[in-house]
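**Q** how does the following fold in three dimensions:
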Amino acid sequence: MKSKIKWVVGLTLPMLFLAGCTSIENSKNSTQEAPKEVKANQLSLKEYTDEAVRLRSEFNNAIKAFGEVRQDTKMEPREWQKASFEKIKDIRAILNEFRRIAPPNSHKQVGEEITVALDEYDKGMELFEEAIKDGDASKDTKALEHMKTGQDYWNHAYRLLAIDNPIPPADGGDGTINTDDLKELDLNAGIDRDSVLLNVSKDGHELIGKWGFYQEDGSPNVSIVLNKDGSYEGYGNGEYPNKDNALIGTWEWNYIQGVVTFHHDSKYVNGKKQEPNRKKMPMELQRYNEEGIQLFDLESMTSYKYEKIEDSEIKN
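**A** As a prediction, this is how the structure comes out:
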């Protein structure tokens with residue numbers, strides 16, 4: 001019997017449903033096309049962008065076609081297996097084609113991250129193929145983990161490519177808008193992801209410090225403190241530095257996902273320790289510029305805007 005697993009890959013967000021595996025012993029229809037070592041041809045930025053956009057579209061379409069076969073419950077088992085192998089072969093052909101191009105040195109990081117994504121996608125395809133052959137659903141789960149990691153690097157690479165270099169949106173759009181148009185819309189909501197890509201490094205040291213806002217009288221109000229050692233403090237209005245009413249824990253920065261995650265170890269209310277309402281709080285960093293930062297809670301769908309507050313501004 002085929003089980004169904006929900007998954008998302010590529011730059012588009014519509015979810016495809018992959019059927020689980022029907023094992024057919026001694027099948028000879030395996031694609032068996034591992035990634036090959038190829039010498040990439042370095043292209044100009046325009047040439048690379050054009051090829052990257054084309055291959056992204058082809059990849060998304062191939063993944064969609066694979067998902068449609070995987071969820072098909074009407075095919076006979078051998079027919080279903082053969083069709084699945086064919087779709088994997090199509091996907092691998094696109095991944096191998098992508099390995100044959102490289103961006104100019106000015107965009108070396110884009111190429112490096114695309115390579116990581118391709119490697120993860122290849123690992124995912126290999127596990128999907130094994131799962132199709134032996135019916136081991138756990139391999140589907142592992143494959144999805146590789147696909148998700150690949151998606152993170154893929155998305156980040158395309159965001160880097162689109163800095164000062166407008167490209168069509170991930171879903172292709174209708175041909176009338178590009179990434180610059182979407183960025184303009186984002187700015188209306190205080191979102192400037194390019195500022196994060198340009199100003200926040202892999203270790204996230206730029207985020208270290210005190211963040212909050214200023215009262216009407218100009219006095220600072222510290223809301224969160226991100227320490228160099230990875231510890232974190234969260235305060236209600238007017239509470240800093242009194243830890244009788246505070247959240248205490250740790251923070252981490254995921255450069256590829258652009259997400260700051262707060263881990264709440266303790267919560268104090270009027271000096272009494274309580275269990276935090278949320279142990280883990282992932283927040284997308286949507287802006288980092290001279291005006292401050294904007295964090296978006298990925299669970300509550302709430303935005304928070306903070307300014308950097310220097311120690312010299314805080315009264316002892």
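**Q** which SSE is immediately downstream of the least confident helix or strand in the chain by mean pLDDT?
**A** None of the helices or strands of the chain scores lower by mean pLDDT, DSSP states H and E than strand 16-19, at a mean of 35. Proceeding C-terminally, strand 16-19 gives way to strand 41-42 as the next helix or strand, assigned by DSSP states H and E.
**Q** following that following strand, which helix or strand comes up?
**A** Under the assignment DSSP H and E, the closest C-terminal helix or strand after strand 41-42 is helix 45-70.
**Q** other SSEs contacting that next one?
**A** Contact here means 3 or more Cβ pairs under 8 Å, 6 or more residues apart in numbering; DSSP states H and E; on that basis helix 45-70 packs against strand 16-19, helix 77-98, strand 101-102, helix 137-161. Where you see a C-beta, it was placed from the backbone N, CA and C, and this is true even at glycine.
**Q** can I get these in a markdown table including distance to residue 202 and mean neighbour count?
**A** Listed next are the helices and strands packed on helix 45-70 as a markdown table, based on distance: least, Cβ to Cβ, whole Å; neighbours: other Cβ atoms under 10 Å:
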| stretch | distance to residue 202 | mean neighbour count |
| --- | --- | --- |
| strand 16-19 | 31 | 19 |
| helix 77-98 | 23 | 18 |
| strand 101-102 | 21 | 18 |
| helix 137-161 | 11 | 19 |
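**Q** could you dump these into TSV and include distance to residue 300?
**A** What follows is the helices and strands packed on helix 45-70, written out as TSV (distance: least, Cβ to Cβ, whole Å):
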stretch	distance to residue 300
strand 16-19	27
helix 77-98	36
strand 101-102	41
helix 137-161	22
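**Q** lowest mean pLDDT across these, which one is that?
**A** Ranked on mean pLDDT, the bottom entry among the helices and strands packed on helix 45-70 is strand 16-19, at a mean of 35.
**Q** show me the residue sitting in the middle of the chain in space.
**A** Among the residues of the chain, the one closest to the centroid is residue 152, at 3.4 Å (Cα atoms, centre = their mean).
**Q** quick check: that residue touching residue 258?
**A** No. Residue 152 is beyond contact range of residue 258, at 9.4 Å (criterion: Cβ atoms under 8 Å).
**Q** count of neighbours near residue 222?
**A** Residue neighbour count, defined by other Cβ atoms under 10 Å, stands at 22 for residue 222.
**Q** skipping adjacent residues, who's closest to it in space?
**A** Once flanking residues are discounted, residue 222 sits nearest to residue 240: 3.8 Å by Cβ to Cβ, 6 or more residues apart in numbering.
**Q** residue contacts, the one you found?
**A** Residue 240 makes contact with 210, 212, 221-223, 225, 233, 314, according to Cβ atoms under 8 Å, 6 or more residues apart in numbering.
**Q** dihedrals phi and psi, it?
**A** Taking degrees, to the nearest 10, you get phi -60, psi 140 for the backbone angles of residue 240.
**Q** and the pLDDT at it?
**A** 96.
**Q** quick one: low-confidence ranges for this protein?
**A** Applying pLDDT under 70 to the chain flags residues 1-37, 316.
**Q** what about 80?
**A** Along the chain, segments meeting pLDDT under 80 span 1-38, 172-175, 315-316.
**Q** break it into its domains for me.
**A** Following automatic domain parsing, the chain resolves into domains at 4-161, 199-313.
**Q** so residue 75 lies in a strand, does it not?
**A** No. The assignment for residue 75 (DSSP: H, G, I helix; E, B strand; the rest coil) gives coil, which keeps it out of a strand.
**Q** my guess is it contacts residue 83, does it?
**A** Yes. Applying Cβ under 8 Å, one finds residue 75 in contact with residue 83, separated by 6.6 Å.
**Q** and residue 213, bridged to which residues?
**A** Assessed by DSSP bridges, residue 213 has beta-bridge partners residue 221.
**Q** meant to ask about residue 102
**A** Where residue 102 sits in a bridge, its partners, by DSSP bridges, are residue 42.
**Q** any idea how far it is from residue 171?
**A** Counting by Cβ to Cβ, to the nearest Å, the separation of residue 102 from residue 171 is 26 Å.
**Q** part of a helix, is residue 243?
**A** No. Residue 243 is assigned coil when assessed by three-state DSSP, not a helix.
**Q** I figured it hits residue 269, correct?
**A** No. At 11.1 Å, residue 243 does not count as touching residue 269 under the criterion of Cβ under 8 Å.
**Q** how far does stretch 177-186 sit from the chain's center?
**A** 19 Å (Cα atoms, centre = their mean, to the nearest Å).
**Q** residue contacts, residue 169?
**A** Neighbours of residue 169 in contact, by Cβ under 8 Å, 6+ apart: 177-179, 182.
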